[in-house]
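>>> okay, predicted coordinates and the sequence, questions at the end:
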Amino acid sequence: GQQVMQIPQYQHVQEGEDFTTYCNSSTTLSNIQWYKQRPGGHPVFLIQLVKSGEVKKQKRLTFQFGEAKKNSSLHITATQTTDVGTYFCAGRSKTSYDKVIFGPGTSLSVIP
Amino acid sequence: DTAVSQTPKYLVTQMGNDKSIKCEQNLGHDTMYWYKQDSKKFLKIMFSYNNKELIINETVPNRFSPKSPDKAHLNLHINSLELGDSAVYFCASSQLDGRAFNEQFFGPGTRLTVL
């Protein structure tokens, strides 16, 4: 079945450093979403990418969708302590559009 | 105005008991979900309902039974609770527009602890 992987599993950075998490799917995706979950909180939608090669920015966050629509990345420039949390990608397969598969998440810690 | 609400927030119970978690959304969405998040934070979809009809039923034990009395509510009943059921359960909702995949709104979660 479809699998969605994320690396790294954990990342500890000094405040001000950059951070990137990568998401890879075993199958071609129709689109991909990113969510952030703060410690003790619930996942909150960040963005959706639909087109091959798409790049979207939200302030210090940059999201990319691969040309083959099988991978994606989230890059945070100059991390802040408010960026702490777990970042999940969630992909919907082109063949089974009812099902959304979440990646295992990347847990980000920011050291002040 | 809470978009997706769940009750209870915490649930501590003994093995073998039966318990229910309730979920309500006031967003007018037609699709609702139940997810289980284990201690490693892995989010696994359990069920999905669209307009009160079950559309996704992952390999979840029969002890778990979802019920959707209307499209704004999706409850989860668990029979004969086991230690391995301890987790955080999230309800979510989204609007399914044809084949479009819209963002999911998550509830605050229910932390279930089975002793």
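On my side now, so go ahead. Numbering: from 1, shown residues only, chains lettered A, B, ... in the order given.

>>> ok, which residues in chain B are in contact with chain A?
B:35, B:40-45, B:48, B:55-56, B:90, B:92, B:99, B:101-109 (CB under 8 Å from any CB of the partner chain). From N, CA and C alone the C-beta is placed, and that goes for glycine too.

>>> quick one: low-confidence ranges for chain B?
B:1, B:97-101 (pLDDT under 70).

>>> can you tell me who B:Ile45 pairs with across the strands?
B:Tyr35 (DSSP bridges).

>>> please apply the same query to A:Met5.
A:Asn24.

>>> okay, it: pLDDT?
Confidence at A:Met5, expressed as pLDDT, is 95.

>>> identify the residues contacting it.
A:Met5 makes contact with A:Cys23, A:Asn24, A:Ser25, A:Ser26, A:Gly103, A:Pro104, according to CB atoms under 8 Å, 6 or more residues apart in numbering or on different chains.

>>> so how many other residues sit close to the first one?
Other residues near A:Cys23 come to 30 when the count uses other CB atoms under 10 Å in any protein chain shown.

>>> where's it relative to B:Ile21, distance?
From A:Cys23 across to B:Ile21, the span is 29 Å (CB to CB, to the nearest Å).

>>> got it, and the second one?
From A:Asn24 across to B:Ile21, the span is 33 Å (CB to CB).

>>> kindly report the same for the fifth one.
Going from A:Gly103 to B:Ile21 by CB to CB gives 25 Å.

>>> hmm, A:Gln35 is touching A:Tyr87, no?
Check again: residue A:35 is Tyr, not Gln. Yes. Between A:Tyr35 and A:Tyr87 there is a contact at 7.3 Å, judged by CB atoms under 8 Å.

>>> which residues are in contact with each of the two?
A:Leu46.

>>> give me the more crowded residue out of A:Gly103 and B:Ile21.
A:Gly103 (26 against 23).

>>> would you agree the more buried one is in contact with A:Gln9?
No. The pair A:Gly103 / A:Gln9 is not scored as a contact, 10.3 Å apart, by CB under 8 Å.

>>> is it correct that B:Gly84 falls within a helix?
Yes. Judged by DSSP: H, G, I helix; E, B strand; the rest coil, B:Gly84 forms part of a helix.

>>> check contacts around it.
Counted by CB under 8 Å, 6+ apart, B:Gly84 has contacts B:Val114.

>>> and what of A:Asp18?
Per CB under 8 Å, 6+ apart, neighbours of A:Asp18: A:His75, A:Ile76, A:Thr77, A:Ala78, A:Thr79.

>>> between these, which sits nearest B:Arg63?
A:Ile76 (40.6 Å; CB to CB).

>>> show the contacting residues for the residue lying closest to that closest one once chain neighbours are set aside.
Closest residue to A:Ile76 apart from its sequence neighbours, by CB to CB, 6 or more residues apart in numbering or on different chains: A:Phe19 at 4.5 Å. The contact partners of A:Phe19, taken as CB under 8 Å, 6+ apart, are A:Gln11, A:Val13, A:His75, A:Ile76, A:Thr79, A:Asp83, A:Leu108.
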